[in-house]
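Chemist: sequence-free structure coming up:
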């Protein structure tokens, strides 16, 4: 259950404060040019300490590939990789050893396995998502050759939100602000809110929107392998995600006659006038843009004192020390893209096996 | 990709107007008492023609088990079953043969496979969900022995919605109204709305809420097999579903300090004061109630004339004949329960393999 | 675990004396012409009562397809099918109810599941292989379009064996004798032996050889998905099979310098002078003929009285009644072909997903 | 396809002359004491250069665990590990770059992927089996706690073979000779033969026998997940393996009445007088010893000059340089044990999920 995908598969390993995070990518097509700078730049987008609104924790996060690449190209064999955990301040966590932090996975891991690495959340730490960014970066390189492009952005932080659908925004501006929102004015208000929240040692939730352009018609498998079910499962596998919707999603107060996407002959091929379907019909891509939204709760690590219990069930208090991430959304943007990229490539390959 | 599950697995088959719908259930524990009346009653809840607000199409839908049951008990071997399609008015669909109905899967199936059974949507028809209700009913029987109980209800139709969380309602009243909403007054307004929509030949969307009680601590697998990702994938695999959220879901405008679920010693075992997490932390059940919401778009079959294109790409019109289902939510309630039941049982069994 | 394959998948169900045997074929390419006569003829080759040397038990074994086929062609959706068990003399087995027949699966099923359908071996009966013949027949139809041809034959019964490798025989003669051995003279001696064994109520083992011609270069996945590992697993999944070897197999008393297959330029493409590798190198097909051998033990049902124990562990005796199959090899020939066909098609499709 | 197993899973990576060999072990039960000395000793048994009869190539092969282990115990999360390739004499292989070595995987990899790491066989090198020994060692530690014990030995080299079944030998003596054969006199003759073969730069094949004691009744899944099919697939996945047989295997010239394993009451539990079944009936373990035999061809690397073709299809010659392994069987013994251990543990865990 540490493996994602059917054909293009990522198996990941690593705890927050263990020796390393890493994984194996299996089923990657042979002959992909491995642009190391691009891959590293994707990891850097996820890295803490990029700006004043993210956690100042320093993580170096250099990826090292161990196999499956020869003379700069993928060979079709499995690709092993590691990212060393340079900075293991494990004594920082001694006070967490016997406590269950509220809304973290400490309690559930302890109960399931009878043992856990308590340092920084261990396996349940979002640090594991580095491995996903490596897999996603490689998938993006493969998708680029197919003309498929994936872009995510922060569309809501707390009560501050973009009111319009993605076509209203210039998606090339996403990286222009640390919050990764394409509307600069809204971005600034988001940043202001995050700083206020941060100053209190608190955290705030939000929403990321993702758009996939260039998907060919036909990706997705009927019944239990629907493309949007795969995307949804991928997104719900990201730490702190609480919801997924595509196309009209939870905006259900409409009549069928209003929201049916009418087909028309668009200069020789078949298009639709509207795209309430979000680019997927009957679980299969129809060639229109795929778009979806992902809800993130405020992360559980706050700097205020909180009540909780210890392993023996005694009521107690805890106070996290030092650094925290008031809003993970900016750093989650590349993770959403990575999971989407792996899913689309996986389904592209699956669709070839017909 | 017609298989659902890891250990408890349902593989389904069948087109809307083919000979039969059916499937194989693999991995069902041995020794479960197969209460045939209960299983049939679950199918009956899904069946069209139950009330004035659903489609009047008559479907008999008697399940016939072909294997895996001996002297009234499951034997641990694979369970084959069929539900015959008694009523195959296939000539009704001749006018659909070369058309792509808007927001249906006609176009995507045709493009993916180069061939499709056009009668009533073929494989993409929601009639396939009968097989899921069979699998779900069996899973419910197994879960009952474990003290796990699953209940879904219609919480929104168009703009009419229940405003409160599930603990505010008496869930035993769900089957008292044809719309399967536990608040009779709200239910009546929903029914009124559906009848109005129906009279215009139109359709309307909504939301189903599902609650799972009695889940033990520890179900769910780290990283890519999170329990809520499995539930989300299961729900997004239901026809017409556009979104999934659990716990606080898209209600993200909160601070971590507000929504963290504080642990306390609840008479010897560990409980939480609140349940914003929706019963799942780090992807693993924590023993609290699991609850989630599922968004359904208005179904695509409307009785008004609509524009579209035919297989050759010519612009044309289509008008569906006869009967339609103005709001599928009441009939989708048992399907949501069925998918949830199969998911929970599957993860229960998976959790034993440690 | 009632599912075979990765992309082209067969999920089977059914007990010897239950209502039906059947299954679901998933992942079959769309557009295959479903030659019903051919499929039925493959089932007939497996059927008991074909000749004086097989069991006289009458089984009608007509396959009925329930989905996935439209206007004579596969549609790419899952294909459900059933073969009804016409003749359920279940009272014949009342004396077996509490006994464990030697070298049958009665004891192991009872211990594993705590319950079993004792009639005719229940799920462990070789009658289940009908479903494989259906899957195999469909796979053969798909492979034929690809120029891949699969032929199996009986190469040994007891001590009587073909001494040479398959190129020494005219494989078109296999169906000329009831024992399915291409050398008529050897076939007659095999038949004589089987009749002698049969007259004593006993059974005899043997070997089936299988040859696959026309496989393109490149099928097979490195490391754990080697083509011969998949073929071996498929064969070892057939009832009564005790061994599998390909190429030189257990004939290990050779030097590398003798048995290396030297490459040469064979009129523009690369061939090998010899084929000790059996058409597979490093787990991947090299374009040469694939050939392998499958060992079958004598089947466990003999008509002599045998000692055994009952469910309570009391020593007792049992005597099977009526009919038995003195040598299953002739009837197993189509099953070997069916499993090989499904494996090769599955790996052909898997190889497309690169 | 670089993943082995269903619940206990090994995903491996690494080329012969890349940076490292490694893998991820997923599904390992929590709480296993990780005896690092034992694990390293298992790797040492596989290492080249142990004795005069194996290749003198020096490989250090120290395993480094990166995750999934905390304070000396497994935590239930995925276990990443690497073994660095210290000694990468890649220029040694420059003359192999454009050649296809006979009976190696050079040609098939090149055709399948269009690219390959030619150095020392790349991914197809048996050096990959180090990862399996790590997985196997961990599985052995888990099985030990369950009282399950796995032992393999060399039973044939060329024409020299042990004539009797495993109970005739003292299996505690296997490690006493470098050839890993429990009969010292036969072992010495094997060693003599290997040295003779080695002196000529040639190689020789053989057979390894494996015995599993202490398996509980009930492991194995009906129909396509038979325990012996899983063991066979595991063994056929080892480099140079050409055949697998269990119980009586290819020794088929027997009557059913002779080889049926008669049940009897063995002091309160049910045993069998004989064990022709090899401990598995109907695909499920019956509590008797499991035993099987694995055939290895002579390895393809010989030091004589051989004919072959190059990538352009030109006929040419090649002569391997330096070191070779005249008989891999002694070093394959721990690999057979490792694959058996992972298979049995996987099926043990699978059997819990009922």
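Modeler: All right, it came through fine. Just so it is clear, the structure is predicted and the values come from calculations on it, not from any experiment. Numbering: from 1, shown residues only, chains lettered A, B, ... in the order given.
Chemist: use CA for all of it now, contacts and neighbours both
Modeler: Noted.
Chemist: right, and chain C sits closest to which residue of the stretch 1-150 of chain A?
Modeler: Ranked by C-alpha to the nearest C-alpha, the top residue of the stretch 1-150 of chain A for proximity to chain C is residue A:29, at 5.1 Å.
Chemist: just say helix, strand or coil for that residue.
Modeler: Residue A:29 falls in the coil class when you classify it by DSSP: H, G, I helix; E, B strand; the rest coil.
Chemist: how many neighbours does it have?
Modeler: For residue A:29, the neighbour count with other C-alpha atoms under 10 Å in any protein chain shown is 19.
Chemist: contact partners for it?
Modeler: A:74-76, A:142, C:354 (C-alpha atoms under 8 Å, 6 or more residues apart in numbering or on different chains).
Chemist: equivalent analysis for residue A:265, please.
Modeler: A:271, B:309, B:313-315.
Chemist: and the residue of the stretch 1-150 of chain A closest to chain C, how far is that from residue A:344?
Modeler: Residue A:29 is 14 Å from residue A:344, where distance means C-alpha to C-alpha, to the nearest Å.
Chemist: also residue A:15?
Modeler: Taken as C-alpha to C-alpha, the span from residue A:15 to residue A:344 is 27 Å.
Chemist: so between the two, which is more surrounded?
Modeler: residue A:15 (30 against 26).
Chemist: for the more buried one, give me its contacts.
Modeler: A:21, A:117, A:121-125, A:127-128, D:67-68.
Chemist: so which of the residues you listed is the most crowded?
Modeler: Neighbour max across the contacts of residue A:15 (other C-alpha under 10 Å) = residue A:123, 30 neighbours.
Chemist: quick check: phi and psi on that one?
Modeler: In terms of degrees, to the nearest 10, the main-chain angles of residue A:123 are phi -70, psi -30.
Chemist: right, and it touches residue A:16 too?
Modeler: Yes: between residue A:123 and residue A:16 there is a contact at 6.4 Å, judged by C-alpha atoms under 8 Å.
Chemist: buried residues, stretch A:166-183. List them.
Modeler: Using 16 or more other C-alpha atoms under 10 Å in any protein chain shown as the test for burial, stretch A:166-183 gives A:166, A:171, A:174, A:177-183.
Chemist: stretch A:154-164 now?
Modeler: Buried residues in stretch A:154-164 (16+ other C-alpha under 10 Å): A:154-158, A:161-162.
Chemist: what average pLDDT does that stretch get?
Modeler: Averaged across stretch A:154-164, pLDDT comes to 98.
Chemist: does chain B have contacts with it?
Modeler: Yes: for stretch A:154-164 and chain B, the contact criterion (C-alpha under 8 Å from any C-alpha of the partner chain) is met by A:157-159.
Chemist: how long is that stretch end to end?
Modeler: End-to-end for stretch A:154-164, by C-alpha to C-alpha: 13 Å.
Chemist: partners of residue A:82 in the sheet?
Modeler: residue A:22, residue A:64 (DSSP bridges).
Chemist: touching, it and residue A:64? I think so.
Modeler: Yes: assessed by C-alpha under 8 Å, residue A:82 is found in contact with residue A:64 at 5.4 Å.
Chemist: and the two? Which one has more around it.
Modeler: Using other C-alpha under 10 Å, the more surrounded residue of residue A:82 and residue A:64 is residue A:82, with 27 against 15.
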